[in-house]
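**Q** sequence unknown, structure follows:
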Ligand code: CO
């Protein structure tokens, strides 16, 4: 239960991808990791532990081994979640109200966002002492809400409802004459409104996460996809014992919008960082390729649990449940990267760590999603496995998972990051 409390606190401190990366950076700094900057030269001693951010919303942390690295152990999860992003000029005034002009970030379920107190957070760039400075901001109080239309004015509201972004989704911020989002942000940052040059602001639900159920089986919170995996991978990474491999934790932004940004899994961020780490240790491109060939990447993104009200939507045999352990994902179209070798390797690590494993694949007549591993391998090819934790209501703004699974993931990732994998022509030694 303590671990879930810590997870919920991590999630509440991480209302946007920027904040999720900041929360991760703080945990790494507390554990003695040094921050490096892509704009500066790097020098890395044997055993160095460091991290680097790109765009404030993606982060790669790594642990350099004492000797020449024997391989790569990489884990990836994503910092972003579906939500609503404010337009640059967001105030909409009419009928005695001030509403916000928003657009969709990612593919969310719209209905859960209605009638729920919302707050605003994100990143702004300011003019400060002759410099352009980026700062994170979080109003951390309810300031907006998207009100439903009363049943009396929409008698068909409970029958096949659709949500029109322009008509149904603009959040209410104030009555006419109330302050606009720029004024609220300036006040929170204690700066003048005119010093805010640009901003990236997102709405997030204020509803706190909770553990619930007759036997406290469940955990519900905003952004479980994918901050539950970020948290589990981070803990496993920090708590791991020694390994001769170069180990890296990769938190990527923009998974929910296709990973195509300069900081996403589809970018060169990971390969850039690894090339620089190898160069700083006096190693070359061929050493990196040798280590990649002797490596394993875990792409961690939550998986669908069988839905109690819609059990037919799940595959016939591969039906993950909450608290059933870490889910390994499979797809014949290689949208998930799992193959028999990576599945066997990861399952053996889980067995040794006493972590139950379950399996997921999409129903054969339904196309599924894709995630980090598949996209990341275009820039750095190595054995990879897709995993996650079973959850319900994926892409709702209040998702539900099992209360025991976070610990299973931490244990699995601790075992993974402590592994010594040696791929020899005769077979793989663990
Ligand atoms: Co996800």
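**A** Yes, it's here. Fair warning: this is a prediction, and the values are worked out from it, not measured in the lab.

**Q** Please enumerate the helices of the stretch 51-200 of the chain.
**A** Secondary structure of the stretch 51-200 of the chain by DSSP state H, counting those that start in this stretch: the helices cover 181-189.

**Q** any idea how far residue 142 lies from residue 188?
**A** 14 Å (CB to CB, to the nearest Å). The way it works is simple: take the backbone N, C-alpha and C, and place the C-beta from them, glycine included.

**Q** Please identify the helix or strand for residue 235.
**A** Per DSSP states H and E, residue 235 falls inside helix 224-239.

**Q** Next one: that helix, is it in contact with the ion?
**A** Yes. Applying CB under 5 Å from the ion, one finds helix 224-239 in contact with the ion at 225-226.

**Q** Only the buried residues of that helix, if you could.
**A** For helix 224-239, burial by neighbour count (16 or more other CB atoms under 10 Å) applies to 224-238.

**Q** Relative to the whole chain's centre, how far out is it?
**A** A distance of 9 Å separates the centroid of the chain from that of helix 224-239, by CA atoms, centre = their mean, to the nearest Å.

**Q** what's the angle between the following helix or strand past that helix and helix 224-239?
**A** Sequence order places strand 246-252 as the next helix or strand after helix 224-239, per DSSP H and E. Angle, strand 246-252 to helix 224-239, by axes from the mean of the first three to the mean of the last three CA atoms, to 10 degrees: 160 degrees.

**Q** next SSE after strand 246-252?
**A** Following strand 246-252 in sequence, per DSSP H and E, is helix 269-280.

**Q** and that next one, average pLDDT?
**A** Averaging pLDDT along helix 269-280 yields 97.

**Q** contacts for the helix or strand following it?
**A** Proceeding C-terminally, helix 269-280 gives way to helix 285-293 as the next helix or strand, assigned by DSSP H and E. The contact list for helix 285-293 (CB atoms under 8 Å, 6 or more residues apart in numbering) reads 68-72, 245-246, 274-275, 278, 380-382, 423.

**Q** can you state the direction angle for helix 285-293 and strand 246-252?
**A** Using the same axes, to 10 degrees: helix 285-293 against strand 246-252 is 80 degrees.

**Q** list the buried ones in helix 285-293?
**A** 287-288, 290-292.

**Q** re the thing from before, and the buried residues of helix 224-239, which is closest to residue 92?
**A** Each of those was scored against residue 92 by CB to CB, and residue 225 proved nearest at 29.8 Å.

**Q** And that closest one, what's its pLDDT?
**A** At residue 225, the pLDDT value in this model is 97.

**Q** so how many other residues sit close to whichever residue of the stretch 1-150 of the chain sits closest to the ion?
**A** Sorted by distance to the ion under CB to the ion, the residues of the stretch 1-150 of the chain start with residue 78, at 5.6 Å. Using other CB atoms under 10 Å, residue 78 has 29 neighbouring residues.

**Q** Got the domain ranges for the protein?
**A** 2-81+222-429, 83-205 (automatic domain parsing).

**Q** Single out the most deeply packed of the ones you listed.
**A** Comparing the domains of the chain by mean neighbour count (mean count of other CB atoms under 10 Å), domain 2-81+222-429 ranks first with a mean of 20.

**Q** From start to finish, how long is it in a straight line?
**A** 35 Å (CA to CA, to the nearest Å).

**Q** Also stretch 138-146?
**A** 19 Å.

**Q** Touching that stretch from outside, list them.
**A** For stretch 138-146, contacts defined as CB under 8 Å, 6+ apart pick out 15-16, 19, 100, 113-121, 168-173, 184-185, 188, 203, 206.

**Q** rerun at 7 Å
**A** Under the contact criterion CB atoms under 7 Å, 6 or more residues apart in numbering, stretch 138-146 has outside partners 15, 19, 100, 113-121, 169, 171-173, 184, 188, 203, 206.

**Q** quick one: the residue nearest to residue 219 when sequence neighbours are not counted and residue 395, what's the gap?
**A** Excluding its sequence neighbours, the residue lying closest to residue 219 (CB to CB, 6 or more residues apart in numbering) is residue 403, at 4.6 Å. When distance is defined by CB to CB, residue 403 is 21 Å away from residue 395.

**Q** Distance check, the most far-flung residue of the chain relative to its centre against the ion.
**A** Distance from the C-alpha centroid of the chain, by CA atoms, centre = their mean, peaks at residue 152 (39.9 Å). Remark: distance between residue 152 and the ion (CB to the ion, to the nearest Å) = 38 Å.

**Q** quick one, what contacts the residue nearest to residue 219?
**A** Counting by CB under 7 Å, 6+ apart, residue 403 touches 4, 211, 216-219, 323.

**Q** and of those, the nearest to the ion?
**A** Top of the list for closeness to the ion, among the contacts of residue 403 and by CB to the ion, is residue 219 at 16.3 Å.

**Q** Spell out which parts of the stretch 151-300 of the chain neighbour the ion.
**A** Within the stretch 151-300 of the chain, the positions lying close to the ion (CB under 5 Å from the ion) are 225-226.

**Q** and with 6 Å instead?
**A** Within the stretch 151-300 of the chain, the positions adjacent to the ion are 225-226, 255 by CB under 6 Å from the ion.

**Q** Could you list the low-confidence segments of the stretch 1-150 of the chain?
**A** Within the stretch 1-150 of the chain, the ranges that satisfy pLDDT under 70 run 1.

**Q** and it, which of its residues are near the ion?
**A** Proximity of the stretch 1-150 of the chain to the ion, by CB under 6 Å from the ion, involves residues residue 78.

**Q** Quickly find the element holding residue 382.
**A** Applying DSSP H and E, one finds residue 382 in no helix or strand.

**Q** Look up how far the ion lies from it.
**A** For residue 382, the distance to the ion equals 21 Å [CB to the ion].

**Q** That residue reaches residue 295, doesn't it?
**A** Yes. Assessed by CB atoms under 7 Å, residue 382 is found in contact with residue 295 at 4.5 Å.

**Q** Now the common contact residues for the two.
**A** Both residue 382 and residue 295 are contacted by residue 72, under the criterion CB under 7 Å, 6+ apart.
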